[in-house]
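Novice: no sequence on hand, only this structure:
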């Protein structure tokens, strides 16, 4: 945490969309942010209009909106004009199939162009769009479709057969399924699109009409359906501009799958409202391929995740080959906190650092970020966006108290009222209301703010370890372990201890070529102790070949803890890569 | 026996505080400070040492463990 700052030159500051953070905060109003989007006549607002149609109306129809790269390397290009027409067609398909405003259209599909077209077309038709991750199994798909009352589904025949067919009887609201790879006249996506008109008058949705549904796992109980409204586009647009430094015409690559909130808000919506060109890669992570895409597509702005970044680190310099990245201007990371080491690594390899930022499905958009014009403190999530009031709070028993002293650890909280704030957990009002208290939205994340106003992630509130009277953040311990050359991944939990309440236990996965041994164990322990001191360093370290992770790359400490304590594993639907 | 006790003591200290080399410490200064051992580590360390040497090391004797040399002498007397 005591890493050197990565400073920005005056030239870098000047060329950023937000050259002066303090000034931007002072002068900011959501009203002026609303002025950056067009709206529809009569006070209506529709995300798809802001993302696509207004650029066509503004004379940019010929600009490339989406470049899709298939697994085999085939490239398909879509201009804004083409995207405008294709999304119109899909909106017409929905209307012709009887879909009405407020109906729920789901997708269960890999990163294919049809997904992008369907998402925007559904919004045009006034429907609520809900992307599901295609690697989900039948049970999480079923619960998410039940809770949301899915009326339509866009998928492939293969995915349908494997994951939906067997649960279809339990989904009475699901009336229509569209197949992307089927030539059937009635259900084939292409056939239906061919018959539909490419002009469509966008449904005059109101700013408060539901637009998007994203599911987030609860610590207990069923997943929660986070409802976003059309007004969220105000936040998508301004945060894309300020936190990702997106400029019209930028080549932008967000590696997140649209089945997750990042892949929707920042993989589709924010870059399109900012008139960028999306790069979409159908394939899964591959270091050499990724370096190739960055180089060959001349990516200007890149938004990815810590797990991917650490996999790139693991792949080493050989994966870079002869690739050069002169076009790359801004790099950002989200999903879980990016450890300082990875930030420093990126600055060395790319000549610029990854900019970590923080947000949740519930916030709908980036809330805290490292900005292009601001020095980066490696390991910090940065500062609140203009228009966002953040605080560190503690529960006093009789209410919340804001902790204003630097370095105080508490729950990260936000003053509600920004446009992309969730409008509810679907049919779960009690759980929704439990997120708010004394005028704050409670994130469930623990953080601290340093004397310069930078926020530092500490851990989830339920992951914090209390040992011998010390409050220990697992992330801090993990970061220290990650600084060791032999460590690829680390997860730290508190396990019950007779004497100290909890003691710190670390699970460590080694980099390729490293073999578990007693000597290495002691070396790691010594490394952690010398960084963290005896009170914070793990008392126990064990080796694992792999740590359990969600699709978005979060290491599931909760699962490690449940297994350690012999407790039920809970909802593991988001588990993508299990412990070994 | 002197050498053996020191070897075992050194090995057990390395398990608790692997980053600190015995050669680098002041053998007559406070053992816990020299090895950056907190109270929990200290308990574990003493328990491990006792088990390995087949010794009862009651808390009452802890004052005799104040330095590396003092503890080494204590062990030599008892083993």
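Specialist: Here it is on my side, so go on. Note that the coordinates shown come from a computational prediction; the quantities given were computed from them, not determined experimentally. Residues are numbered from 1 along each chain as shown, chains lettered A, B, ... in the order given.
Novice: got the residues of chain B near chain A?
Specialist: Residues of chain B found near chain A (C-beta under 8 Å from any C-beta of the partner chain) are B:14-15, B:17-20, B:36-41, B:43-44. In short, each C-beta sits where N, CA and C put it, glycine included.
Novice: switch the cut-off to 7 Å
Specialist: Chain B comes close to chain A at residues B:14-15, B:17-19, B:36-38, B:40-41, as judged by C-beta under 7 Å from any C-beta of the partner chain.
Novice: contacts made by stretch A:199-217 with the rest, please.
Specialist: Residues from elsewhere that reach stretch A:199-217, judged by C-beta atoms under 7 Å, 6 or more residues apart in numbering or on different chains: A:40, A:42, A:44-49, A:53, A:88, A:91-92, A:101-102, A:104, A:123-126, A:128-130, A:144, A:148, A:223-232, A:261, A:264, A:361, A:426, A:571, A:574.
Novice: same thing with stretch A:413-428?
Specialist: With C-beta under 7 Å, 6+ apart, stretch A:413-428 has contacts from A:30, A:147-148, A:213, A:224-229, A:231-232, A:234-236, A:362-365, A:367, A:387-391, A:393, A:431-432, A:436, A:439-443.
Novice: do stretch A:76-83 as well
Specialist: Applying C-beta under 7 Å, 6+ apart, the set of residues contacting stretch A:76-83 is A:52, A:55-56, A:60-68, A:113.
Novice: show the end-to-end separation of it, please.
Specialist: Stretch A:76-83 stretches 12 Å from its first residue to its last (C-alpha to C-alpha, to the nearest Å).
Novice: may I see the buried residues of it?
Specialist: By neighbour count on 16 or more other C-beta atoms under 10 Å in any protein chain shown, the buried set for stretch A:76-83 is A:78-83.
Novice: now do stretch B:71-79
Specialist: B:71-72, B:74-75.
Novice: one more: stretch A:507-523?
Specialist: Under the neighbour-count criterion of 16+ other C-beta under 10 Å, stretch A:507-523 has A:507-510, A:514, A:520-522 buried.
Novice: please apply the same query to stretch B:35-52.
Specialist: B:35-38, B:40-42, B:44-46, B:48-50.
Novice: again with stretch A:533-548
Specialist: Using 16+ other C-beta under 10 Å as the test for burial, stretch A:533-548 gives A:534-539, A:541, A:543-544, A:547-548.
Novice: now the residues you listed in CSV, with distance to residue A:304, secondary structure and pLDDT?
Specialist: Formatted as CSV, these follow (distance: C-beta to C-beta, whole Å; DSSP: H, G, I helix; E, B strand; the rest coil; pLDDT from 0 to 100):
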residue, distance to residue A:304, secondary structure, pLDDT
A:534, 36, coil, 78
A:535, 35, coil, 75
A:536, 30, coil, 80
A:537, 30, coil, 88
A:538, 29, coil, 93
A:539, 34, coil, 92
A:541, 29, strand, 97
A:543, 27, strand, 96
A:544, 24, strand, 94
A:547, 19, coil, 94
A:548, 21, coil, 94
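Novice: which of the residues you listed are close to chain B?
Specialist: A:534-535.
Novice: on that earlier part again, make a PyMOL selection of the buried ones in the contacts of stretch A:76-83.
Specialist: In PyMOL, this line selects whichever of the contacts of stretch A:76-83 come out buried by 16+ other C-beta under 10 Å:
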select buried, chain A and resi 52+55+56+60+61+63+64+65+66+67+68+113
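Novice: and which of the contacts of stretch A:76-83 is nearest residue A:176?
Specialist: Residue A:176 has its nearest neighbour among the contacts of stretch A:76-83 in residue A:113, at 20.1 Å by C-beta to C-beta.
Novice: check contacts around the closest one.
Specialist: Residue A:113 is in contact with A:66, A:68, A:76, A:78, counting by C-beta under 7 Å, 6+ apart.
Novice: and of the buried residues of stretch B:35-52, the nearest to chain A?
Specialist: residue B:38 (4.2 Å; C-beta to the nearest C-beta).
Novice: ok, that closest one - contacts?
Specialist: A:534-535.
Novice: just residue A:92 next, same as before
Specialist: For residue A:92, the contact set (C-beta under 7 Å, 6+ apart) comprises A:196-197, A:200.
Novice: list only buried entries from these.
Specialist: The neighbour-count criterion (16+ other C-beta under 10 Å) marks A:196, A:200 among the contacts of residue A:92 as buried.
Novice: in the stretch 401-550 of chain A, which residue sits nearest chain B?
Specialist: residue A:526 (3.2 Å).
Novice: for that residue, phi and psi?
Specialist: phi -60, psi -40 (degrees, to the nearest 10).
Novice: could you do residue B:30 as well?
Specialist: Dihedral angles (degrees, to the nearest 10) for residue B:30: phi -50, psi 120.
Novice: that one against residue B:65, yeah?
Specialist: No: judged on C-beta atoms under 7 Å, residue B:30 makes no contact with residue B:65 at a distance of 10.1 Å.
Novice: need the contact list for the closest residue in space to residue A:94 that isn't next to it in sequence.
Specialist: Leaving aside its sequence neighbours, residue A:94 sits nearest to residue A:125 (C-beta to C-beta, 6 or more residues apart in numbering or on different chains; 4.3 Å). Applying C-beta under 7 Å, 6+ apart to residue A:125 gives the contacts A:91, A:94-95, A:99, A:203.
Novice: so how far is residue B:19 from residue A:125?
Specialist: Noted for residue A:125: a distance of 63 Å to residue B:19, by C-beta to C-beta, to the nearest Å.
Novice: only the buried subset of the contacts of stretch A:199-217, as a ChimeraX command please.
Specialist: The command below creates a ChimeraX selection of those among those that count as buried (16+ other C-beta under 10 Å):
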select /A:40,44,45,46,47,48,49,53,88,91,92,104,123,124,125,126,128,129,130,144,148,223,224,225,226,227,228,229,230,231,232,261,264,361,426,571,574
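Novice: for chain A, what's the nearest residue on chain B?
Specialist: Sorted by distance to chain A under C-beta to the nearest C-beta, the residues of chain B start with residue B:19, at 3.2 Å.
Novice: what strand or helix carries that residue?
Specialist: Using DSSP states H and E, residue B:19 falls within no helix or strand.
Novice: also residue A:345?
Specialist: Assigned by DSSP H and E, residue A:345 falls within helix A:340-350.
Novice: and the next element down the chain from that helix?
Specialist: strand A:354-358.
Novice: would you give the sheet partners of that following strand, along with the direction of each?
Specialist: strand A:330-333 (parallel), strand A:368-369 (antiparallel) (DSSP bridges).
Novice: of residue B:30 and residue B:65, who's got more company?
Specialist: Higher neighbour count among residue B:30 and residue B:65: residue B:65, with 19 against 12, using other C-beta atoms under 10 Å in any protein chain shown.
Novice: list the residues that contact the residue nearest to that one when sequence neighbours are not counted.
Specialist: By the measure of C-beta to C-beta, 6+ apart, the closest residue to residue B:65 outside its immediate chain neighbours is residue B:71, 4.4 Å from it. Contact analysis of residue B:71 by C-beta under 7 Å, 6+ apart lists B:9, B:31, B:65.
Novice: now render the residues you listed as TSV, adding distance to residue A:477 and secondary structure.
Specialist: Conversion of the contacts of residue B:71 to TSV gives the following (distance: C-beta to C-beta, whole Å; DSSP: H, G, I helix; E, B strand; the rest coil):
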residue	distance to residue A:477	secondary structure
B:9	28	helix
B:31	25	helix
B:65	29	helix
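Novice: so which of the contacts of residue A:113 sit within strands?
Specialist: Using DSSP state E, the subset of the contacts of residue A:113 located in strands is A:66, A:68, A:76, A:78.
Novice: and those residues, which is closest to residue A:282?
Specialist: For the ones in strands among the contacts of residue A:113, the nearest to residue A:282 is residue A:68 (7.0 Å; C-beta to C-beta).
Novice: at the geometric centre of chain A, which residue sits there?
Specialist: Residue closest to the mean C-alpha point of chain A, counted by C-alpha atoms, centre = their mean, is residue A:262 at 3.2 Å.
Novice: for that residue, which three-state class applies?
Specialist: For residue A:262, the secondary structure call by DSSP: H, G, I helix; E, B strand; the rest coil comes out as helix.
Novice: many thanks, have a good one.
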